[in-house]
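In: Below is the sequence, then the predicted model.
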Amino acid sequence: MGVPEIEDAKLLFVFGYNGAASHPIVARRIVRAKEKGAKIICVDPRKIETARIADLHLQLKNGSNLALVNAMANVIINENLLDRDFIEQHSNGFAEFEPIVQKYTPEYASKITQVDAEDIRTAARMYATSGTSMILYGMGVCQFGQAVDVVKGLANLAIMTGNFGRPSTGIGPVRGQNNVQGACDMGALPNCFPGYQAVTDPAIREKFEKAWGVAKLPDQIGCPITHVPHRVLHEKDPKKQIHAYYIFGEDPAQSDPDLAEVREALDKCDFVIMQDIFMNKTGKHADVILPSTGWCEHDGVYSSCDRGFARIRKLIEPQGDVKTDWEIISLISTAMGYPMHYKNTEEIWNELIALCPGFAGATYEKIEKLGSVQWPCRDKAMTDTGTPYLHKGAKFAHPDGKAKFYGTEWRPPSELENDEFPMVFSTVREVGHYSVRTMTGNCRLLRNLEDEPGWAEMNTADCEALNVKKGELVKILSKRGYCITRCLPTERVKKGAVYMTYQWWIGACNELTNAVLDPVSNTPEYKYAACRIEKIADQAWAEKHILDEYEGIRDQMGIKPKTPGGAPEGLKKPAAVAAAVAVVL
């Protein structure tokens, strides 16, 4: 599917995705769909912006995603809302899948999800009968220990109702960061060369060995990024131990789960290189820091979430001792004995599309003319303008061209609430700051709108029980660590749940998060951890503590400017911060 198709769907099934905070431009497409008459089902534990315009909000309990998806499949099957022709002609495995979901009646799932059984039935009927239903899912699906199972479950819904291979249908994974699609497309995965070509395929390896002029490329799948701490700290096999870590465009010391373990791994790793546009938390642990250019200081290509290749164009000349990422990599490669010489990014792109059949037709010339080219695009002729929806004609990426049903049981998150940690903790995003704030934290305007130590969204009943008021500093703890942040009472979240954004240095909520991984995607379970909240009796001490900690971090990073009042530039007093947040909310 393409992003523009969102607004022409007759039904949008928005699952674990808060477009208003994560992707405001995509969110505008959702609003336009509503204006054009589309029905919207929002599945989210919080009353997010999409829920406010939704025809049906399924406010499920955190961690119950697959139980809800299986229950919807159960209704579609038992009420005969299937597209049987599509199933018979374009899929396999339905007979094996059907018995798995039979126990997931709406009543059975309701006990797990805390969603009314009739609302589950209504959602299933709406999705199955609209004619063109599109699924949009985000990190509320992906950042769980059972993430891949849920994605496959959503695919089951689309297959069984024939919502594939046509405009304004299908499944849209609205990715968590800019160009994460591009990173995968270019082979920044442990099991693939560029273009999703398997490293375990001898013919593929031979092609890349010949093109790159090397005798032999590894035939083993590499190490996922989330396995790095273990490979540094605990791996006994010398062939699997990691001794050097080259990080660019990432800040694992802020974004990875269980930050105490990450810091230990970075400090014990023999050699750490950080390559980025600004100093960040990871840089404090690096042996070498390589300054690179920002998005407006270089040319290139990126991929959007709908598989569209588009150009990046240099707007200004970089200042200081910085180089582009590709120049730095080329220089290091050459110094290490493998000469790598390119004149510009177009040369690199031409090498790439020559090696990737699915990208072969996405030339600079074509991207320039069309603005964006969605892969697969196999022919360089201008008549091949790419593939707006991936499974056109109901052709799927299996040898027989058919989709495959996949069914499995729901399982609870790995760390449940208990007497010591009675609340559920989840990370979320906000519109004002992006990701780990490496870029937006260096924007004075955004810092003055919102700065340390962030906020914890809690139900008003929980705040009353703890006797904490809006803006007061609280301590949030899990069995892995703690952070200090401000209380934000709200009716938008369920009782017993706590939500924080993960970009703050003092309110660093990934001190709390669980490093358990989905067994297939290796994505951490950021969306579920057991925690507790403690009221801080001495608020004056706490206010001074965050000021001192924040100033100390900025000093370590070489960020010296301060406001006349003595606080680091951008750090606002509680009343001013509360007023700014009130305006945003």
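Out: Looks like it arrived, so ask away.
In: average pLDDT for whichever helix or strand Val301 is part of?
Out: Here Val301 sits within strand 300-303, counting by DSSP states H and E. The pLDDT scores in strand 300-303 average 90.
In: Show me what it is packed up against.
Out: helix 180-185, strand 308-312, helix 345-355 (3 or more C-beta pairs under 8 Å, 6 or more residues apart in numbering; DSSP states H and E). Where you see a C-beta, it was placed from the backbone N, CA and C, and this is true even at glycine.
In: quick one, strands of the stretch 251-400 of the chain?
Out: 271-276, 288-291, 300-303, 308-312, 373-374 (DSSP state E, counting those that start in this stretch).
In: hang on, I meant the stretch 51-200 of the chain
Out: 56-58, 91-92, 133-137, 170-173, 192-193, 197-198.
In: For the ones you listed, please prepare a markdown table with the additional fields distance to Ala335, mean neighbour count and mean pLDDT.
Out: As requested, those are exported to a markdown table (distance: least, C-beta to C-beta, whole Å; neighbours: other C-beta atoms under 10 Å; pLDDT from 0 to 100):
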| stretch | distance to Ala335 | mean neighbour count | mean pLDDT |
| --- | --- | --- | --- |
| strand 56-58 | 55 | 20 | 97 |
| strand 91-92 | 51 | 19 | 93 |
| strand 133-137 | 43 | 26 | 94 |
| strand 170-173 | 38 | 22 | 87 |
| strand 192-193 | 24 | 20 | 94 |
| strand 197-198 | 28 | 16 | 94 |
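In: any idea which strand is longest in this structure?
Out: The longest strand of the chain (DSSP state E) is strand 481-490.
In: what lines up beside that one in the sheet?
Out: In the sheet, strand 481-490 lines up against strand 455-459 (parallel), strand 473-478 (antiparallel) (DSSP bridges).
In: For the very next helix or strand once past it, give me every contacting residue.
Out: Scanning forward in sequence from strand 481-490 by DSSP H and E, the next helix or strand is strand 497-501. Outside of strand 497-501, the residues within contact range by C-beta atoms under 8 Å, 6 or more residues apart in numbering are 45-46, 62, 423-430, 433, 454-459, 476, 485, 493, 507, 509, 531, 533.
In: Likewise for stretch 315-333?
Out: So stretch 315-333 is contacted by 248-249, 275, 277, 290-294, 296-298, 300, 339-342, 345, 348 (C-beta under 8 Å, 6+ apart).
In: Tell me which stretches of the stretch 51-200 of the chain form helices.
Out: With DSSP state H, counting those that start in this stretch, the ranges of helices along the stretch 51-200 of the chain come out as 65-78, 84-90, 94-101, 106-113, 117-129, 139-142, 147-160, 180-185.
In: Could you save those as TSV and add columns showing distance to Pro413 and mean neighbour count?
Out: Below are those laid out as TSV (distance: least, C-beta to C-beta, whole Å; neighbours: other C-beta atoms under 10 Å):
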stretch	distance to Pro413	mean neighbour count
helix 65-78	10	25
helix 84-90	32	14
helix 94-101	20	16
helix 106-113	12	19
helix 117-129	20	20
helix 139-142	13	24
helix 147-160	11	24
helix 180-185	24	18
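In: Show me the one of these that comes nearest Ala542.
Out: helix 139-142 (30.1 Å; C-beta to C-beta).
In: Return the distance of the longest helix seen in the chain from the chain's centre.
Out: Assignment by DSSP state H gives helix 539-556 as the longest helix of the chain. Its chain's C-alpha centre and that of helix 539-556 lie 30 Å apart, by C-alpha atoms, centre = their mean, to the nearest Å.
In: I'd like to know which elements it is packed against.
Out: Helix 539-556 packs on strand 473-478, strand 481-490, going by 3+ C-beta pairs under 8 Å, 6+ apart.
In: Indicate which one of the ones you listed is closest to Ile76.
Out: Nearest of the helices and strands packed on helix 539-556 (C-beta to C-beta): strand 481-490, 34.4 Å.
In: Quick one: mean pLDDT over that closest one.
Out: pLDDT averaged over strand 481-490 gives 95.
In: buried set for it?
Out: Buried residues in strand 481-490, defined by neighbour count with 16 or more other C-beta atoms under 10 Å: 481, 483-490.
In: returning to what we had before: partner strands of the strand holding Val301 and their direction?
Out: strand 308-312 (antiparallel).
In: quick one, the partner strand and helix 345-355 angle?
Out: Strand 308-312 and helix 345-355 are oriented at 160 degrees to each other (axes from the mean of the first three to the mean of the last three C-alpha atoms, to 10 degrees).
In: give me the low-pLDDT residue ranges for the stretch 101-250 of the chain?
Out: 176 (pLDDT under 70).
In: how close does Asp185 sit to Tyr302?
Out: 9 Å (C-beta to C-beta, to the nearest Å).
In: That should have said Leu416, apologies.
Out: In terms of C-beta to C-beta, Leu416 sits 40 Å off from Tyr302.
In: In terms of neighbours, single out the busier of these two.
Out: Taking neighbours as other C-beta atoms under 10 Å, Leu416 and Tyr302 compare with Tyr302 leading, 17 against 12.
In: so how far does stretch 384-395 reach from one end to the other?
Out: End-to-end distance of stretch 384-395 (C-alpha to C-alpha, to the nearest Å): 18 Å.
In: For it, list every residue counted as buried.
Out: Buried-residue list, stretch 384-395, by 16+ other C-beta under 10 Å: 384-387, 389-391, 394.
In: again, but for stretch 5-12
Out: Buried, per 16+ other C-beta under 10 Å, within stretch 5-12: 5-7, 9-12.
In: Which ones among those lie within helices?
Out: Per DSSP H, the buried residues of stretch 5-12 never map to helices.
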